[in-house]
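*Asks:* Any chance you could fold what I've pasted below:
(2 chains)
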Amino acid sequence: MTLAAAAAHSGFLSPTGVEIAFVLVGIATLGAALVTVTTKQLVHAVLWLVVALGGLAVEYLLLTAEFIAWVQVLIYVGSVVVLLLFGLMLTKAPIGRSPDADSGNRWAALAVAAASAGALVWVVVDAFRTTWINLDGPAQGSTEATGSFLFRHWVLPFEALSVLLLAALVGAIVLSRKRGKEQS
Amino acid sequence: MNDVLDVALRLVIVFAVFMVLPLVVGQTEHKVMAHMQGRLGPMYAGGFHGWAQLVADGVKFAQKEDIVPAGADRRIFQLAPAVALLPYLLVLVAIPIGPGEGAVGQVVDAGIFFVLAVMGVGVLGSLMAGWASANKFSLLGGLRTAAQLLAYELPMLLAAASVAMAAGTVSLPGILDAFEWWWLPWQIVGALVFFVAGLAELQRPPFDMPVADSEIIFGAYTEYTGLRFALFLLAEYAGIVVLCGLTTVLFLGGWHGPFGADGLGWVWTLLKTAVLAFVVIWLRVSYPRLREDQLQKLAWTTLIPLALAQIALTGIVKVAIS
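*Replies:* Down below sits the predicted model:
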């Protein structure tokens, strides 16, 4: 936390250790993400995804958002990746290269990815361009600050997301029950 | 300089604990299981009641040839034991054994989340091993591991969330500072759910379907020999230490005890952890292995509703007393 506060005092052209680390981890994360989508070995792709998601967690840590960082590890590395691996083990993914792992849609996918990345960056930059964060006070990313922010200012989006997840859950149950009836 | 020395010393101590306590649990398991089954267990290595048996085992493992199957995915196969073991070392850093800054490796602000998140990563090691071994038994073991983790992660998180609600903080020392003795009956259901789910996550009997040695020959670890296999075993015992320590800290009041001066808090923590570790061993000797469908049923129809009920109870009591 004090590291980030110290970072505020130095200029743009004299980066601090935290900023250098941030850029380096960012490059590693980007590299892992690129390997994830280009490698032809399916399970390696999942494991590189772990590296990319873990790198993202480290970036959150460097930004002093400790709570978000651990939740990132808990949800994405601990659960989502395990679910992906579980799904992969049920397929016939071979050890070594899968010749058919390439998709003909790759240019369309690249266009969509670039467009969504551009939109996200533009929205975030536009929304927070004039926001100033006081680094001298308590850490803005601590659990307490995140919790009170979430439940004071963002309760409505939070609840809307809950309803969305509930809808997904109900949908999954409906889908699985329908298939069960056809079999019996 | 002093800071560097302080950090180094803490890390060395945590590492020493990490190397010693799992071996102590392992040796206790040898002896306790033996006596429960009317045997003596190891008696010769080291002289006094076979105390050096696990050291001898370690030497034996180090001497064995390190084999990687020809069809295996070499890198991942070799990396898997480290991925399985290291998370437990990281978790140990955040577990407080006594009051104050001096008795915890590093105070982590979001302690519960850190601990549960990092523990979840350890399972990736088993999955990597299961997939990379190019062996059908290993693959089955990996599948079962993943299914078990998916089922038991949720009740574990919910039970931990109940304690965090009760204490009003997610920091592990903070939870212990807020602890009162009547939390014990208040949170007992959560404690049971947490402990059972933790056992399942460690794949200890009776939840050892993923490694069932008599059916799928140790599951994901079938192809491992020598030191890498020893690392997986060490991960299991380190997991027992971490789970028992966490249950102690979250639900049994850690360094709080009915008597004992301020300086002896760490004795209480170690004592409670040891009793829980004994229970883990006891369960292994007493209960037959649960079948895969029974495992899933227990998690989804018993543990999760119990954990949700515990959270509701915690909320009601918390509102009532505030």
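
*Asks:* what residue is smack in the middle of chain B?
*Replies:* Centroid-nearest residue in chain B: residue B:239, 2.7 Å away (criterion: Cα atoms, centre = their mean).

*Asks:* The closest residue to it other than its chain neighbours and residue B:302, how far apart?
*Replies:* Leaving aside its chain neighbours, residue B:239 sits nearest to residue B:202 (4.3 Å; criterion: Cβ to Cβ, 6 or more residues apart in numbering or on different chains). No exception for glycine: its C-beta is placed from N, CA and C like everyone else's. To residue B:302, residue B:202 is 19 Å away according to Cβ to Cβ, to the nearest Å.

*Asks:* related to what we said a few turns ago, dump the residue contacts of the residue nearest to the centre of chain B.
*Replies:* By Cβ atoms under 8 Å, 6 or more residues apart in numbering or on different chains, the residues touching residue B:239 are B:88, B:119, B:122, B:201-202.

*Asks:* Please name the nearest non-neighbouring residue to residue B:146.
*Replies:* residue A:86 (3.8 Å).

*Asks:* which secondary structure element contains that neighbour?
*Replies:* helix A:81-90 (DSSP states H and E).

*Asks:* Just the buried residues of that helix, please?
*Replies:* Neighbour-count burial for helix A:81-90 flags A:81-82, A:84-86, A:88-89 (criterion: 16 or more other Cβ atoms under 10 Å in any protein chain shown).

*Asks:* Find me the pLDDT at residue B:70, would you?
*Replies:* What the model reports as pLDDT for residue B:70 is 83.

*Asks:* separation between it and residue B:141?
*Replies:* From residue B:70 to residue B:141 the distance is 20 Å (Cβ to Cβ).

*Asks:* Compare these two and say which is more crowded by neighbours.
*Replies:* Higher neighbour count among residue B:70 and residue B:141: residue B:141, with 29 against 7, using other Cβ atoms under 10 Å in any protein chain shown.

*Asks:* just checking, what packs against the helix or strand harbouring that one?
*Replies:* Here residue B:141, judged by DSSP H and E, is contained in helix B:136-167. Packing partners of helix B:136-167 (3 or more Cβ pairs under 8 Å, 6 or more residues apart in numbering or on different chains; DSSP states H and E): helix A:81-90, helix B:111-132, helix B:172-178, helix B:188-202, helix B:213-216, helix B:226-251, helix B:292-297, helix B:304-321.

*Asks:* what's the angle between that helix and helix B:188-202?
*Replies:* Calculated by axes from the mean of the first three to the mean of the last three Cα atoms, to 10 degrees, helix B:136-167 forms an angle of 150 degrees with helix B:188-202.

*Asks:* got the buried residues for helix B:136-167?
*Replies:* Residues of helix B:136-167 classed as buried under the neighbour-count rule (16+ other Cβ under 10 Å) are B:137-167.

*Asks:* Next, the angle from it to helix B:111-132.
*Replies:* Inter-element angle recorded for helix B:136-167 and helix B:111-132: 170 degrees (by the same axes, to 10 degrees).

*Asks:* The longest helix along chain A close to chain B?
*Replies:* In chain A, taking DSSP state H as the definition, the longest helix is helix A:155-183. No. Helix A:155-183 stays clear of chain B (Cβ under 8 Å from any Cβ of the partner chain), getting no nearer than 12.3 Å.

*Asks:* Please state the offset of that helix from the chain centre?
*Replies:* Taking Cα atoms, centre = their mean, to the nearest Å, one finds the center of helix A:155-183 at 22 Å from the center of the full chain.

*Asks:* Who are the packing partners of that helix?
*Replies:* Under the contact criterion of 3+ Cβ pairs under 8 Å, 6+ apart, helix A:155-183 touches no helix or strand at all.

*Asks:* shaky segments in the chain?
*Replies:* Here I'm looking at chain A. Chain A contains residues with pLDDT under 70 at A:1-15, A:96, A:99, A:101, A:134-141, A:179-184.

*Asks:* think we crossed wires, I meant chain B
*Replies:* B:1, B:100-103, B:105, B:260-262.

*Asks:* how about the residues of it near chain A?
*Replies:* For chain B, the contact set with chain A under Cβ under 8 Å from any Cβ comprises B:71-73, B:76, B:108-110, B:113-114, B:116-118, B:120-121, B:123-124, B:127-128, B:130-132, B:134, B:139, B:142-143, B:146-147, B:149-150, B:153, B:157, B:170-171.

*Asks:* Filter these down to the buried ones and hand me the PyMOL line.
*Replies:* A single PyMOL command is used to select the members of the residues of chain B next to chain A judged buried by 16+ other Cβ under 10 Å:
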select buried, chain B and resi 72+73+76+108+109+110+113+114+116+117+118+120+121+123+124+127+128+130+131+132+134+139+142+143+146+147+149+150+153+157+170+171
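
*Asks:* Can you tell me the centre-most residue of chain A?
*Replies:* The residue lying closest to the centre of chain A (Cα atoms, centre = their mean) is residue A:53, at 5.9 Å.

*Asks:* Skipping its backbone neighbours, what lies nearest it in space?
*Replies:* Nearest in space to residue A:53, with sequence neighbours left out and distances taken as Cβ to Cβ, 6+ apart, is residue A:76 at 4.5 Å.

*Asks:* The one residue in the stretch 151-300 of chain B that gets nearest to chain A: what's it in contact with?
*Replies:* The stretch 151-300 of chain B approaches chain A most closely through residue B:170 (5.5 Å), counting by Cβ to the nearest Cβ. With contacts defined as Cβ under 8 Å, 6+ apart, residue B:170 is in contact with A:67, A:143, B:109-113, B:164.

*Asks:* Please identify which helix or strand holds it.
*Replies:* Assessed by DSSP H and E, residue B:170 sits outside every helix and strand.

*Asks:* distance of it from residue B:312?
*Replies:* 19 Å.

*Asks:* how about the helices in chain A?
*Replies:* Along chain A, the segments classed as helices by DSSP H run A:2-7, A:17-38, A:42-62, A:66-72, A:81-90, A:106-128, A:143-153, A:155-183.

*Asks:* check contacts around the residue in chain B that chain A sits nearest to.
*Replies:* At 2.9 Å from chain A, residue B:120 is the closest residue in chain B, using Cβ to the nearest Cβ. Counting by Cβ under 8 Å, 6+ apart, residue B:120 touches A:73-74, A:77-79, A:82, B:149, B:153.

*Asks:* can you give me phi and psi for residue B:222?
*Replies:* Phi and psi for residue B:222, reported as degrees, to the nearest 10, are phi -50, psi -40.

*Asks:* ok, it - contacts?
*Replies:* Applying Cβ under 8 Å, 6+ apart, the residues near residue B:222 are B:133, B:135, B:137-138, B:141, B:216.

*Asks:* Recalculate using a threshold of 6 Å.
*Replies:* B:135, B:137-138 (Cβ atoms under 6 Å, 6 or more residues apart in numbering or on different chains).

*Asks:* Excluding chain neighbours, give the residue nearest to residue 71 in space.
*Replies:* All of this refers to chain A. Leaving aside its chain neighbours, residue A:71 sits nearest to residue B:113 (6.1 Å; criterion: Cβ to Cβ, 6+ apart).

*Asks:* Chain B is the one I meant
*Replies:* Leaving aside its sequence neighbours, residue B:71 sits nearest to residue B:134 (Cβ to Cβ, 6+ apart; 3.7 Å).

*Asks:* and the gap between the one you found and residue B:206?
*Replies:* Taking Cβ to Cβ, one finds residue B:134 at 30 Å from residue B:206.

*Asks:* Please apply the same query to residue A:78.
*Replies:* Noted for residue A:78: a distance of 24 Å to residue B:206, by Cβ to Cβ.

*Asks:* In chain A, what residue lies closest to chain B?
*Replies:* As assessed by Cβ to the nearest Cβ, chain B sits closest to residue A:78 within chain A, at 2.9 Å.

*Asks:* Not counting residues beside it along the chain, what's closest to that residue?
*Replies:* Closest residue to residue A:78 apart from its sequence neighbours, by Cβ to Cβ, 6+ apart: residue B:120 at 2.9 Å.
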